[in-house]
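> quick one: sequence plus predicted model below, questions after.
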Amino acid sequence: MKCFSCGNSNQSQVEDLYGYPVCESCKPSLGLYKDHTIRKHITDFEKKRESVPENPTYAQEVDFRVNAMEERYIRSRLQLLHIQARVKELAED
Ligand SMILES: [Zn+2]
């Protein structure tokens, strides 16, 4: 397993973080929130939601964002893969 960011392959320093290999030096650079920050976000979000209870919960909103980001990621990657394939093909002309 190689760190996705720096390529560190020292297995004692690389962990699987939600399916992505990350080393202990790169992990702090990810800006992962501490629990107290996440609790504050939940509280703030739910406070705003009191006036519109039909709106998604914080957990639902996060799920939505993860899915939307995945779709954007796939779209961007497909555009680049298409360019990559076309560049190779066009170079053969
Ligand atoms: Zn790393």
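Cool, got the structure.

> before we move on, what SS does the closest residue to residue 30 other than its chain neighbours have?
Of all residues not flanking residue 30 in the chain, residue 22 sits nearest, at 7.1 Å (Cβ to Cβ, 6 or more residues apart in numbering). (C-beta placed from N, C-alpha, C; glycine too.) Using DSSP: H, G, I helix; E, B strand; the rest coil, the structure places residue 22 in strand.

> tell me if I'm right that residue 22 and residue 1 touch.
No. If you go by Cβ atoms under 8 Å, residue 22 and residue 1 don't touch, sitting 9.4 Å apart.

> would you tell me which helix is longest in the chain?
helix 58-91 (DSSP state H).

> helices or strands up against that one?
helix 35-49 (3 or more Cβ pairs under 8 Å, 6 or more residues apart in numbering; DSSP states H and E).

> show me how far the longest helix of the chain is from its chain's centre.
Computed by Cα atoms, centre = their mean, to the nearest Å, the chain-centroid distance of helix 58-91 equals 12 Å.

> many thanks, have a good one.
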